[in-house]
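> following is a predicted model, sequence given first.
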Amino acid sequence: MNHTTDFEKMERAAAVRKKAVTVITYVLLSLWAVMVLFPFYWMILTSVKEYGAYNSEYIPKLFTLSPTFENYISAFTSVPLADYFLNTLVFTVVTTAIMLFVTVFAAFAFARLDFPGKDLTFTLFLALMMIPNELVVITNYVTVTDLDLRNTFAGLILPSVASVFYVYLLKENFAQVPNELYLAAKVDGTSDLKFLFRVLIPICRPTIVTITILKVIECWNSYVWPRLAADEESHFLVSVGIQKIRESGFGRDNIPAMMAAVVVISVPLIVLFLLFRKKIMEGVSRGGTKG
Amino acid sequence: MGEKNLKGWLYLLPAILFLGAFMLYPLIDVLIYSFEEGYNFTSQTFHGVGTYNYSYVLHDPFFLQALKNTFILVIITVPLSTGIALLISVGLSSIKKLRELFQTVYFLPYVTNTLAVGLVFMILFQKTPYTDGFANLIIQFFGGQSVDFIDGPYWAKMFVLCFYTVWVVMPFKILILTSALASVRQDYYNAAMVDGTSRLRMFTKITLPMISPSLFYLVITGFIGAFKAYSDAVALFGTDLNAAGMNTIVGYVYDMLYSSGGYPSYASAAAIILFVIVLTITVINLLVSKKHVHY
């Protein structure tokens, strides 16, 4: 009799402890979620506060009862935010497109074609993966300046195209496709090019989508090269533009308008992320950095 | 056969052109620059070959400041972010409800523009004549003195920089660690549970060894990433990092190249010093890991 109650007591204690651990876990996880979300909340909140109201709040308020879209209008009218946006869009699309073209053909050559010097070239490619961007940016800056390509899209885009890692990623994926398919296609007289576009690319679409998204994120957020390659506002990308806005746009104190610009810049990638959440997270765990 | 050869190279040609022009050539060139003394950017001439650029950089107070800042940043953020990420990932893998929501939220900083969101951190921490800022509100709530984190004392600025850096790098680490934790086979835990092993012991004897390759990968990429810190600092303190005393090594390289008027040889020397530091640390990491990582 006594034994059973003891056992029950122990079991109950264990259940309580388990519950406590679960509660603590949820509290801690929520705490970090708040840490992550708060800056986003703050930027949206500030962006809908009126300029006057914001500056009169010595103690910042955590909410606003009279939201205004004024700041978004001035973000597009008093600074060339739309231009920055358009530049970034062009830069991102063109860079990603050229990257895809270059990557697909290189990966195909490494995965399917035979030619002397292939292994050596591939090893060289892999070695290039270890080269930090900081080392090559200096010469690229000089090259682009010498070629008179500063403040042009060519100057912005060309040095940003190469991504050795994506060639590697796609080559591995191409190589997984059974060789029999290739040989069968050969027997049928299918050309390499046709095989690449009709068979390989459709089969490896997930990887291609992944590298496209990763490159888009990289382009949209890139700062160092765009800043070096362009010093005229006509060719600013959003990263450089927002820095310029911070230093001289709006008048330094118009924080709400600045935050409106920040929201506008952040929204496209967040939408992209929410649409392709699984793909992006899977892609980053396979090939992302920024850590 | 000849046609086949040509074809392979033809497919590779675009990649080779891009990589050759913008990676391979610059790599060689940067080494050459770093040994050309008195290089003049406009006339593209130099008057000697030697190690003067390196000694100039190593004696430049701005470089030493950048070196110090970078090392402090690395030493604080790498262990801190890896530790917190491990804690969060373990928490994440122990729950079922809301798990996906948490994972999605935690990943958000990865897809944000570092420069843009850095401005939000700036206004949260900045103290201006108009407002003390949100961070100071919290400090005052707990009875502390308000500090200007953006234009104030060195350690306050370093704190924000570390804070923001951790915030930015966390998504990647959480992602890698949660997938590592998910791949630990349940059998091990079941066996341990049958033996009545305590939770802590299970964690240190099963979980940690099983995820040690991923942890180690994060430490290496964390070191490399933190040594290259730059845009986070720009976002918080503006482009003139030397004036703010918050420059990083990478920032020094770019300033030498750009803001202070074009000294590619000093920039090259500094970039190569950075590369050597990162390489050394990575090699040390690899050696240490041989002892502690279980594959």
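Ah, there it is. Numbering: from 1, shown residues only, chains lettered A, B, ... in the order given.

> show me how the record splits chain A into domains.
According to automatic domain parsing, chain A is divided into the following domains: A:2-70, A:80-287.

> off-centre distance for the first one?
In this case it means domain A:2-70. How far domain A:2-70 lies from its chain's middle: 27 Å, per Cα atoms, centre = their mean, to the nearest Å.

> quick one: average pLDDT of it?
Averaging pLDDT along domain A:2-70 yields 87.

> quick one on the thing from earlier: compare the domains of chain A and give me the one nearest residue B:256.
Nearest to residue B:256, of all the domains of chain A, is domain A:80-287, at 8.8 Å by Cβ to Cβ. C-beta coordinates here come from the backbone N, C-alpha and C atoms, glycine included.

> so how far is residue B:110 from residue A:284?
In this structure, residue A:284 and residue B:110 are separated by 7 Å, where distance is defined by Cβ to Cβ, to the nearest Å.

> wait, I meant residue B:80
Distance of residue B:80 to residue B:110, given as Cβ to Cβ: 18 Å.

> now swap in residue A:69 and tell me
In this structure, residue A:69 and residue B:110 are separated by 28 Å, where distance is defined by Cβ to Cβ.

> who's more crowded, those two?
With neighbours defined as other Cβ atoms under 10 Å in any protein chain shown, residue A:69 and residue B:110 compare such that residue B:110 has more, 23 against 11.

> give me phi/psi at that one?
Dihedral pair for residue B:110: phi -60, psi -40, per degrees, to the nearest 10.

> per-residue confidence at the spatially most central residue of chain A?
With distances taken as Cα atoms, centre = their mean, residue A:217 lies nearest the centre of chain A, 2.0 Å away. Model confidence at residue A:217, given as pLDDT, is 90.

> can you check residue B:172 too?
With respect to pLDDT, residue B:172 has a value of 93.

> what helix or strand is the residue in the stretch 151-295 of chain B that chain A sits nearest to on?
Proximity of the stretch 151-295 of chain B to chain A (Cβ to the nearest Cβ) peaks at residue B:172, 3.6 Å away. Assignment of secondary structure by DSSP states H and E places residue B:172 within helix B:154-182.

> which stretches of the stretch 1-150 of chain B form helices?
For the stretch 1-150 of chain B, the helices defined by DSSP state H, counting those that start in this stretch occupy B:2-19, B:25-35, B:52-59, B:61-93, B:99-107, B:114-125, B:134-141.

> out of the ones you listed, deepest packed?
helix B:114-125 (a mean of 24; mean count of other Cβ atoms under 10 Å in any protein chain shown).

> give me the contacts around that one.
Here helix B:114-125 makes contact (Cβ atoms under 8 Å, 6 or more residues apart in numbering or on different chains) with A:39-40, A:42-43, A:46, A:221, A:223, A:238-239, A:242-243, A:246, A:255, A:258-259, A:261-262, A:265-266, B:109, B:133-135, B:149-150, B:160, B:163-164, B:167-168, B:231-232, B:234-236.

> now with 7 Å?
A:39, A:42-43, A:46, A:221, A:223, A:239, A:242-243, A:246, A:255, A:258, A:262, A:265-266, B:133-135, B:149-150, B:160, B:164, B:168, B:231-232, B:234-236 (Cβ atoms under 7 Å, 6 or more residues apart in numbering or on different chains).

> then stretch B:40-52?
Stretch B:40-52 has contacts (Cβ under 7 Å, 6+ apart) with B:35, B:36, B:37, B:38, B:39, B:262, B:264.

> distance from the chain centre to that stretch, please.
Per Cα atoms, centre = their mean, the centroid offset for stretch B:40-52 relative to its chain is 32 Å.

> for chain A, which helix is longest?
Among the elements of chain A assigned as helix by DSSP state H, the one spanning the most residues is helix A:2-47.

> that one - contacts with which helices or strands?
Under the contact criterion of 3 or more Cβ pairs under 7 Å, 6 or more residues apart in numbering or on different chains; DSSP states H and E, the helices and strands touching helix A:2-47 comprise helix A:255-275, helix B:61-93, helix B:99-107, helix B:114-125.

> tell me which helix or strand comes right after it.
helix A:51-56.

> hmm, who's touching that following helix?
Looking at helix A:51-56 with Cβ under 7 Å, 6+ apart, the contacting residues turn out to be A:46, A:253, A:254, A:255, A:256, B:130.

> closest to residue A:199 out of these?
Proximity to residue A:199 was ranked across the contacts of helix A:51-56 by Cβ to Cβ; first place goes to residue A:46, at 52.1 Å.

> separation between that closest one and residue B:130?
Taken as Cβ to Cβ, the spacing of residue A:46 relative to residue B:130 amounts to 13 Å.

> ok, the two, which is more surrounded?
More crowded of residue A:46 and residue B:130, by other Cβ under 10 Å: residue A:46, with 23 against 15.

> surely that one touches residue A:260?
No - in this structure residue A:46 lies outside contact range of residue A:260 using Cβ atoms under 7 Å: 8.5 Å.

> for the closest residue to residue B:255 other than its chain neighbours, give me the pLDDT.
Distances taken as Cβ to Cβ, 6 or more residues apart in numbering or on different chains put residue B:242 closest to residue B:255, at 6.5 Å, once the chain neighbours are dropped. We have a pLDDT of 88 for residue B:242.

> how many residues are close by residue B:242?
Residues within reach of residue B:242, counting by other Cβ under 10 Å, total 18.

> helix or strand: which one has it?
helix B:241-244.

> so what sits against both of residue A:284 and residue B:110?
For the pair residue A:284 and residue B:110, residues contacting each of them under the criterion Cβ under 7 Å, 6+ apart are residue B:172.

> gap between residue B:176 and residue A:256?
Residue B:176 is 37 Å from residue A:256, where distance means Cβ to Cβ.

> ok, the two, which is more surrounded?
Between residue B:176 and residue A:256, counted using other Cβ under 10 Å, the more crowded position is residue A:256 (26 against 22).
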